[in-house]
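> Generate coordinates for the sequence data below:
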Amino acid sequence: MINNLVFLTENANDIYNPTWYIVMVLLLIILMSPWIFLIFKYGIYRKLRVRFIIEEGKELEPIYLKKGAEIILPEAPVIEGKIFVGWFIDKELTEEYIPIPMPNYNIKLYAKYE
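Numbers count the residues shown, from 1 in each chain. Model (predicted):
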């Protein structure tokens, strides 16, 4: 392996110089950084947020999931004099939430009370 690296240096003794290793590691980091960024931004390590809006200005603690994970809905908070109807995906409370695996984007769920 060392014989194969000799052509990258002025002479064979350069490969034992710590500066050479530092330069090679930095070069590797620079070349790989766009790929590392993409893996963390869009890859398996990305955590997505589900927000639970109760009323205007009030919400439950959000949960963070990976894409494709099962969304476990929290128990609906009790509001005096109102009955919980369900979770909805729009602010106007017209489209009821149907359980699906976590999509590749953050979502908000709105609680409907009557």
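> In this structure Leu93 contacts Glu114, no?
No: the pair Leu93 / Glu114 is not scored as a contact, 10.1 Å apart, by CB atoms under 8 Å. (Glycine included, C-beta is placed from N, CA and C.)
> Those two: which is more packed in?
More crowded of Leu93 and Glu114, by other CB atoms under 10 Å: Leu93, with 15 against 6.
> Skipping adjacent residues, who's closest to the more buried one in space?
For Leu93, ignoring the flanking residues on the chain, the nearest one in space by CB to CB, 6 or more residues apart in numbering is Lys112 at 4.5 Å.
> That neighbour bridge partners, please.
Taking DSSP bridges as the rule, Lys112 bridges to Gly86.
> Tell me which helix or strand comes right after the least confident helix or strand in the chain by mean pLDDT.
Taking mean pLDDT, DSSP states H and E as the measure, the chain has helix 2-5 as its least confident helix or strand, at a mean of 52. Next along the chain after helix 2-5, taking DSSP states H and E as the criterion, comes helix 18-42.
> starting at the chain centroid, how far to that next one?
A distance of 21 Å separates the centroid of the chain from that of helix 18-42, by CA atoms, centre = their mean, to the nearest Å.
> do stretch 56-70 as well
Remark: stretch 56-70 is offset 12 Å from the chain centroid, using CA atoms, centre = their mean.
> Could you do stretch 91-109 as well?
The chain centroid and the centroid of stretch 91-109 are separated by 17 Å, computed with CA atoms, centre = their mean.
> how long is it end to end?
Length of stretch 91-109, first residue to last, CA to CA, to the nearest Å: 8 Å.
> cool, stretch 69-87 as well?
18 Å.
> Mind listing what's buried along it?
Neighbour counts over stretch 69-87 (16 or more other CB atoms under 10 Å) mark Ile71, Ala76, Trp87 as buried.
> any idea of the mean pLDDT for that stretch?
The average pLDDT within stretch 69-87 is 92.
> hmm, who's touching it?
Identification of contacts with stretch 69-87 by CB atoms under 8 Å, 6 or more residues apart in numbering yields 50, 52, 54-55, 60, 63, 65, 96-97, 99-102, 109-114.
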